[in-house]
Each structure stands twice: as structure tokens, then as C-alpha cells.
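K.L.:
Provided below for reference: sequence and predicted model.
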Amino acid sequence: MGAGFGALALGAWPQLQARAAAPAVQLDPLNPFSPRAPQFTPRAKSIIFVYLVGGPSPVDTFDYKPLLQKLNGQPVPASIRKAVEATRFANVFHGCKDELMGSPFQFAQYGQSGRWVSELFPNVARQVDDLCFLHSVQADSNNHAPASYQFHTGDIRPGKASLGSWVTYGLGTENQDLPGYVMLFDAGPLGGAANYANGFLPAAFQPTRLRDTGTPVLDLLPPDTFAPGQRATLDLIRELNLRHRDGRPGFTELDARIASYELAYRMQSAALEVGDVEREPAALKRSYGFEHAEKRTQSFGRKCLLARRLVERGVRFVQVYDMPDKDGWDAHSDLTKNHVPRARWTDQPIAALLADLKQRGLLEETLVIVGSEFGRTPMMQDNRGRQHNAAGFTIFLAGGGVQAGHAIGATDDLGLMAVDQPIQFRDLHATLLAALGLRHDELFFDVNGRQERLTGIAGGARIIPGLLT
């Protein structure tokens with residue numbers, strides 16, 4: 001038997017060597033964002049990822065639970081408690097009272113699909129027939145940063161490559177005058193830049209942050225004194241950098257630096273144009289919330305409109321964070337005080353983004369994701385707050401080949417744990433890559449002899465059944 005297994009290994013060795021020798025993606029190091037053909041016919045060309053930082057409560061937004069309302073103030077039923085305690089999510093009870101808290105918000109059914117939405121999101125509610133809800137998402141951590149890292153990078157540990165970096169590594173981008181991967185935020189996500197960094201991927205695939213007011217990129221334009229000689233200066237810098245690079249093969253930071261100088265030069269007009277959201281019609285700006293009474297709604301509306309302008313011009317991946325302060329949706333106490341204003345800041349802009357993309361015919365080729373690192377418990381914490389809950393929560397998607405008007409998976413009757421079609425982040429990532437025409441197992445990067453993937457080890461993820469058309 002030992003000799004037989006040895007022969008099998010020897011027979012497979014040439015194929016393993018060939019696979020290791022061939023990189024998953026062929027890159028031009030000086031033009032890393034050149035468009036690359038998908039592996040099969042894609043449903044989407046670009047992604048807008050709207051991240052609601054801190055964990056909004058599904059049972060107060062999009063996962064209506066009549067039994068929770070009925071059992072308000074009572075202990076968790078023994079059958080549900082026992083079922084959860086037998087899983088890896090047993091710690092979800094820590095820090096909670098053994099007292100169920102019904103939602104303080106009214107729910108109603110909307111659209112032909114009849115999806116339940118709470119009064120917190122009246123504008124998004126009118127878009128439900130274009131949405132697909134995933135009600136059974138699970139994370140591997142009940143803490144903000146690790147769960148956020150996992151949603152963004154596939155791993156609870158920092159240091160891995162983000163979803164946006166993987167997408168642009170695999171496909172490049174269609175507009176060579178703008179970055180392929182753009183970030184829009186006021187305050188960054190919990191856990192910091194490790195959520196959206198390029199990790200071990202070449203440095204060119206890190207994101208570029210654009211501002212939604214003023215000049216999109218600070219220090220993009222040279223002083224008038226130096227503007228006439230800028231091209232000659234960049235050509236000289238490029239020549240010196242290329243000479244320096246020739247003696248240091250494989251040092252991708254040098255390639256990224258050379259490429260970044262050229263991109264910055266091309267962006268001087270393109271970034272100013274795309275960032276000028278004031279050119280849009282007054283009625284459209286009003287729909288995004290530009291004239292809203294609250295500055296935070298205005299700010300988030302500007303980000304959402306800028307996201308549309310970016311994908312419209314061929315940018316591959318846009319990440320929008322809604323976090324204007326350090327707390328986000330993290331409602332450990334007084335859920336109403338936390339969730340009401342945050343829903344008010346995000347509801348109108350998200351709905352306007354979806355409607356605007358659809359009206360322009362862009363929703364068919366743009367995949368929009370709206371979600372957070374985890375949800376919140378149906379049990380009360382502190383003074384009418386809710387604890388973190390990674391055992392089962394909701395995100396929703398639209399466009400880009402998504403089954404509109406559908407819902408996939410379910411939590412139990414209290415909204416505590418996923419019981420039907422539990423969905424892991426790696427499965428979501430595999431599905432997103434499939435929508436873009438990429439096979440998740442074949443998108444890898446060799447790191448110290450190990451093939452790293454967004455979806456983990458080969459064969460460890462699956463495309464979510466029923467999500468894509």
C-alpha cells in the first residue's frame with residue numbers, strides 16, 4: 001500500500017509542478033489594471049459594496065419574527081436555547097438577559113414578493129422586488145474586527161487580501177484613468193485598514209480613497225509653477241525607477257510605484273470629473289438626500305451617488321462605509337436611539353442608488369451588496385439593547401444576476417440562529433466571484449509555497465444555490 005500511494009504521488013507530481021509554476025493571473029507589472037477576460041460569461045461587471053458598520057439588528061429591519069413579538073419579556077424557550085448551546089454559537093447568550101425583546105418597530109409587507117420590512121427602511125422597502133435577501137448568514141466570530149475581517153477578506157485574522165483587491169487582481173478594470181478599487185468613507189470600519197488592504201497581493205491592488213466633497217484626491221494637482229514640466233519629470237522618474245527595478249526582480253512594490261505615478265497623472269482630469277457630483281440634475285441629487293435636514297444623510301447620499309458615477313465609468317469595485325462615528329450600529333443599549341438615526345442616514349441614499357442604477361440600465365451589470373459583520377440577538381442586553389449575534393443574520397443583494405424578489409435561508413422563530421441553508425462568508429465570496437465570471441478555486445496567489453484564496457482551501461466553498469439567475 002505504501003508503494004502504491006508513493007506511485008500515485010509520483011504520477012501527480014508533474015501536474016502539481018505545472019500548476020505551481022503557472023500563476024493564476026498573468027499581470028503586466030507596469031499596467032496591473034489592464035482588463036482581463038473572465039473565465040466564463042459574467043453576470044456582472046462591477047460591485048458596489050455598502051457596509052453598515054457595527055451590526056444592525058435583523059429582527060428590527062428585514063427579518064420579521066411574529067413569535068418574538070408574542071414572547072416579548074419572556075425567557076428564551078428551552079428548545080431553542082438547547083439547540084443553540086449545542087453549536088459553536090453557544091457564546092451568543094453571554095452578556096444578555098434571559099429576556100426576549102420584541103422589536104419596537106412596525107413591520108409590513110411590500111412589493112409583489114411580499115417581503116417584510118420594518119418602518120426603519122421605508123425607501124428600501126419600495127425596492128424589495130429588486131432585492132434578494134440572505135437571512136441565514138453566519139460569521140466565525142462574535143467580535144467586530146475579526147468578523148469584519150472575515151466578511152472583507154475571508155479570514156478572521158488581519159493581513160489577508162480584501163474582496164476588492166481579489167476582484168481587481170482577477171479582472172483588472174475597464175477605465176485606465178481611474179483606480180480599479182475605490183473606498184468611500186468618513187470614519188473607517190472597526191478593525192481599520194486590514195479590512196480593505198491588498199494583503200499579500202501585489203501592492204498595486206490596494207484601494208484608493210476618494211473624497212465625496214472637494215477635490216476627490218488630495219494633492220492630485222501640481223502647483224502651477226511645476227505643471228508645464230510635470231510630464232517630463234514623470235518620464236525621468238519612470239526611467240530611473242525602471243533601472244532600479246531591473247536589478248530587483250519580483251519586488252512588486254517598485255512596479256506598483258511606477259504604475260501609481262502614471263495612474264495619478266491620468267487621474268488629474270478623470271478624478272476631478274467623476275468627483276463633480278454637483279453636475280447631476282437637481283431632482284436626482286434630491287432623491288439621494290442632498291437636501292435632507294441632516295448632514296449625515298447628505299454625506300452618505302453623496303457617497304452613494306459617487307459610487308454610481310464610478311461604476312458607470314468602468315471602475316470595478318467600490319466600497320462605501322456608512323460609519324460617520326466610532327459606534328456604528330453597535331446598539332448594546334437603547335436600540336431605538338441607535339438604530340433610528342442610522343437608518344435615517346442610510347435608507348434614502350441606498351434606495352436612490354438602487355433606483356438610479358436601474359433607471360440607467362446599470363443594475364443589470366452592477367452587483368450591489370448591503371450588509372454588516374453580524375446581526376444582533378433577540379434577547380435584551382443592558383437597557384433595551386441587543387448583543388452581537390454571529391449565529392444568523394441578514395444581508396441583501398441586488399442587480400448583477402441576482403434572483404430579484406427572492407429570499408434564501410432562514411433563522412429560527414426568534415431570529416437567533418440560522419436553521420435553513422446556513423451561509424458562510426466563503427460561500428458568499430464564491431458566489432460573488434462567480435457573478436463576475438471567476439472560478440473561486442482557480443483564483444489564487446502563491447504565498448511562501450501556499451496557494452492563498454479568498455475562499456480558503458480549494459473545494460472549501462460553494463456557490464449559494466438559488467442566488468444567481
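P.N.:
Looks like it came in fine. If you're wondering where the values come from, they're calculated on a predicted model, not measured in any experiment.
K.L.:
quick one: least confident helix or strand in the chain?
P.N.:
helix 2-21 (a mean of 49; mean pLDDT, DSSP states H and E).
K.L.:
What's the first helix or strand after that helix?
P.N.:
On the C-terminal side of helix 2-21, the closest following helix or strand by DSSP states H and E is strand 46-51.
K.L.:
buried ones in the following helix or strand past that following strand?
P.N.:
Per DSSP H and E, the first helix or strand lying C-terminal to strand 46-51 is helix 66-70. Of the residues in helix 66-70, L67, L68 count as buried by neighbour count, 16 or more other CB atoms under 10 Å. Using the backbone N, CA and C atoms, a C-beta is placed for each residue, glycine as well.
K.L.:
And the average pLDDT for helix 66-70 is what?
P.N.:
For helix 66-70, mean pLDDT rounds to 98.
K.L.:
now stretch 213-221
P.N.:
For stretch 213-221, mean pLDDT is 71.
K.L.:
now do stretch 436-454
P.N.:
96.
K.L.:
swap in stretch 389-398?
P.N.:
On average, stretch 389-398 scores 98.
K.L.:
Low-confidence ranges, the stretch 301-450 of the chain, go.
P.N.:
Nowhere does the stretch 301-450 of the chain drop to pLDDT under 70.
K.L.:
where along it do the strands fall?
P.N.:
317-321, 366-371, 375-376, 388-389, 393-398, 406-408, 410-411, 418-420, 423-424, 445-447, 450-452 (DSSP state E, counting those that start in this stretch).
K.L.:
And for the stretch 101-250 of the chain?
P.N.:
Under DSSP E, counting those that start in this stretch, the stretch 101-250 of the chain gives strands at 107-110, 115-118, 131-138, 181-184, 208-209.
K.L.:
Quick one: the ones you listed as JSON lines, columns for distance to N198 too.
P.N.:
Converted to JSON lines, those look like this (distance: least, CB to CB, whole Å):
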{"stretch": "strand 107-110", "distance to N198": "40"}
{"stretch": "strand 115-118", "distance to N198": "36"}
{"stretch": "strand 131-138", "distance to N198": "25"}
{"stretch": "strand 181-184", "distance to N198": "9"}
{"stretch": "strand 208-209", "distance to N198": "11"}
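K.L.:
Tell me which of the ones you listed sits nearest to G164.
P.N.:
For G164, the closest of the strands of the stretch 101-250 of the chain is strand 181-184, at 4.2 Å, according to CB to CB.
K.L.:
Please identify the buried residues of that closest one?
P.N.:
So for strand 181-184, counting by 16+ other CB under 10 Å, buried means Y181, V182, M183, L184.
K.L.:
and that strand, how far from the chain's centre?
P.N.:
11 Å (CA atoms, centre = their mean, to the nearest Å).
K.L.:
can you check stretch 152-171 too?
P.N.:
Counting by CA atoms, centre = their mean, stretch 152-171 comes out at 10 Å from the chain centroid.
K.L.:
Show me what the mean pLDDT comes to for that stretch.
P.N.:
So the average pLDDT for stretch 152-171 ends up being 98.
K.L.:
Show me which residues of it are buried.
P.N.:
For stretch 152-171, by 16+ other CB under 10 Å, it's 152-156, 158, 160-171.
K.L.:
which of the strands of the stretch 301-450 of the chain sits most buried?
P.N.:
strand 375-376 (a mean of 31; mean count of other CB atoms under 10 Å).
K.L.:
Report all helices and strands that it contacts.
P.N.:
If you count contacts as 3 or more CB pairs under 8 Å, 6 or more residues apart in numbering; DSSP states H and E, strand 375-376 packs onto strand 388-389, strand 393-398.
K.L.:
returning to what we had before: tell me which of the strands of the stretch 301-450 of the chain sits nearest to Q26.
P.N.:
In terms of CB to CB, the element of the strands of the stretch 301-450 of the chain nearest to Q26 is strand 445-447, at 12.7 Å.
K.L.:
List the strands paired with the closest one, with their directions.
P.N.:
strand 450-452 (antiparallel) (DSSP bridges).
K.L.:
mind checking which of the strands of the stretch 301-450 of the chain is nearest E99?
P.N.:
strand 375-376 (14.4 Å).
K.L.:
Can you give the distance of the closest one from its chain's centre?
P.N.:
Worked out by CA atoms, centre = their mean, strand 375-376 lies 17 Å from the chain centre.
K.L.:
Ok, stretch 37-55 next?
P.N.:
With CA atoms, centre = their mean, you get 8 Å for stretch 37-55.
K.L.:
cool, and stretch 188-208?
P.N.:
Averaging C-alpha positions (CA atoms, centre = their mean) puts stretch 188-208 12 Å from its chain's average.
K.L.:
Now do the end-to-end distance for that stretch.
P.N.:
13 Å (CA to CA, to the nearest Å).
K.L.:
Next: stretch 368-385.
P.N.:
29 Å.
K.L.:
Could you report the separation of L354 from V128?
P.N.:
Applying CB to CB, to the nearest Å, the value for L354 to V128 is 10 Å.
K.L.:
Next, show the common contact partners of the two.
P.N.:
Applying CB atoms under 8 Å, 6 or more residues apart in numbering, one finds that no residue jointly contacts L354 and V128.
K.L.:
Could you export stretch 454-461 as CSV, CA atoms only?
P.N.:
The C-alpha trace of stretch 454-461 is given here as CSV (Å, rounded to 0.1, in the frame of the first residue of the first chain):
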residue,chain,number,x,y,z
LEU,A,454,-10.3,34.5,-0.9
THR,A,455,-12.4,31.4,-0.3
GLY,A,456,-9.8,29.4,1.6
ILE,A,457,-8.6,25.9,0.7
ALA,A,458,-9.7,24.5,-2.7
GLY,A,459,-13.0,22.8,-2.5
GLY,A,460,-13.9,24.5,0.7
ALA,A,461,-16.6,26.9,-0.6
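K.L.:
who's in contact with that stretch?
P.N.:
Contacts for stretch 454-461 (CB under 8 Å, 6+ apart): 153-155, 161, 163, 166, 424, 426-427, 429-430, 433, 440-441, 443, 451.
K.L.:
Tell me the gap between it and the middle of its chain.
P.N.:
On the basis of CA atoms, centre = their mean, stretch 454-461 sits 18 Å off its chain's mean C-alpha point.
K.L.:
residue contacts, T394?
P.N.:
P58, T61, F62, D63, F133, L134, H135, V137, G371, G375.
K.L.:
From these, list the buried ones, please.
P.N.:
For the contacts of T394, buried by 16+ other CB under 10 Å: P58, T61, F62, D63, F133, L134, H135, V137, G371, G375.
K.L.:
Distance check, the third one against N91.
P.N.:
So the one you mean is F62. From F62 to N91 the distance is 24 Å (CB to CB).
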